[in-house]
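J.: Mind looking at a prediction? Sequence and model below.
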Amino acid sequence: MNIYVLLKRTFDTEEKITLSNGQINEEGAEFIINPYDEYAVEEAIQIKEEHGANVTVVTVGGEEAEKQLRTALAMGADQAVLINTEEDIDEADQYTTAKIIAEYLKEKEIDLILAGNVAIDGGSGQVGPRVAELLNIPYVTTIIDLQIDGDRVNLVRDVEGDEEKIEATLPLLVTAQQGLNEPRYPSLPGIMKAKKKPLEELELDDLDLDEEDVEAKTKRIEIFLPSERQAGKILEGELDEQVKELVSLLRNEAKVI
């Protein structure tokens, strides 16, 4: 079984985001595997352990992403692919990423592709489904359980507080939701082995792609931080007095009634 995992390098969830000249300031910031992609990596490794599989992690970005790929290798993936676009692309969006990944995968023998449901930086949830559409294979999003029996796959999908059970066949792309599993920490032996595992680096030319082929379909107009929340107000006095004051505040200050 050949499993591919789509992975993105994102800010550490504990990082405080700052802006410099209208751009996100990355200097000194910590980066991690996108948490939802980490569920995808863990699920691929569990499938490998249960059924036997070859697991390849793939990312699009700059050389800095090698660290996150090595982490996935240390968790148990077999090989990694970095499609380096640092020199070729100034502006990218979800279409750009999906087009590049699909071009890399189109000649591969694929049984299963796993991706995170969303990236915590952009939150669009588009890359996985776009890749599936470009490869013309079915996809199921926000999965919280996956069981493989031959070429059949039984899935449980999170649907806003409820669950949906789906039966599908391989090849298939799925996106991982929180609750699918608990990602493992890389062990020391795993970290040592990861240094010797193959990590292939490609560029657009290697995929017979030009910058025009992957030109972004959307344009970022502005990046800004949300405005600071104002302090809350505690109402005191008798209940009927509090109600009158609340109504007055909602009408005159908040202007919602």
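T.: Cool, the structure landed.
J.: Which residue, other than its chain neighbours, is closest to residue 73?
T.: Closest residue to residue 73 apart from its sequence neighbours, by Cβ to Cβ, 6 or more residues apart in numbering: residue 194 at 3.8 Å. Placement of C-beta: from N, CA and C, glycine included.
J.: Residue 200 versus the one you found, what's the distance?
T.: With the distance defined as Cβ to Cβ, to the nearest Å, residue 194 ends up 14 Å from residue 200.
J.: These two: which has the busier surroundings?
T.: residue 194 (20 against 14; other Cβ atoms under 10 Å).
J.: Run a quick neighbour tally on residue 136.
T.: Neighbours of residue 136 (other Cβ under 10 Å): 9.
J.: With residue 182 instead?
T.: Neighbours of residue 182 under the rule other Cβ under 10 Å: 8.
J.: For it, give me its contacts.
T.: When the contact criterion is Cβ atoms under 8 Å, 6 or more residues apart in numbering, the partners of residue 182 are residue 42.
J.: That one - that's part of a helix, no?
T.: No: with DSSP: H, G, I helix; E, B strand; the rest coil as the criterion, residue 182 is assigned coil and is not in a helix.
J.: Let me know the pLDDT of it.
T.: Looking at residue 182, its pLDDT reads 97.
J.: How much space separates it from residue 104?
T.: Relative to residue 104, residue 182 is positioned 29 Å away (Cβ to Cβ).
J.: The residue nearest to residue 73 against residue 70, yeah?
T.: Yes: using Cβ atoms under 8 Å, residue 194 is in contact with residue 70, at 5.1 Å.
J.: sorry, back to before: now do the contacts for the residue nearest to residue 73.
T.: Residues near residue 194 by Cβ under 8 Å, 6+ apart: 70, 71, 73, 74, 186.
J.: One more pass at 10 Å, please.
T.: Applying Cβ atoms under 10 Å, 6 or more residues apart in numbering, we find residue 194 in contact with 69, 70, 71, 72, 73, 74, 75, 76, 77, 80, 186.
J.: Would you mind measuring from it to residue 187?
T.: 10 Å.
J.: joint contacts of those two?
T.: Among the neighbours of residue 194, those also in contact with residue 187 (Cβ under 10 Å, 6+ apart) are 74, 75, 76.
J.: ranking those residues by neighbours, who comes first?
T.: Neighbour counts for these, by other Cβ under 10 Å, peak at residue 75, which reaches 23 neighbours.
J.: if I look at that one, how far off is residue 249?
T.: 52 Å.
J.: Residue 63 now?
T.: Relative to residue 249, and taking Cβ to Cβ, residue 63 is found at 54 Å.
J.: Nearest to residue 225, out of the shared contacts of residue 194 and residue 187: which one, please.
T.: The shortest approach to residue 225 among the shared contacts of residue 194 and residue 187 belongs to residue 75, at 33.2 Å (Cβ to Cβ).
J.: what about the nearest residue to the closest one once chain neighbours are set aside, how many neighbours?
T.: Counting by Cβ to Cβ, 6+ apart, residue 75 lies nearest to residue 186, which is 5.3 Å off, once chain neighbours are set aside. Neighbour count for residue 186, taken as other Cβ under 10 Å: 18.
J.: I appreciate the help and will end here.
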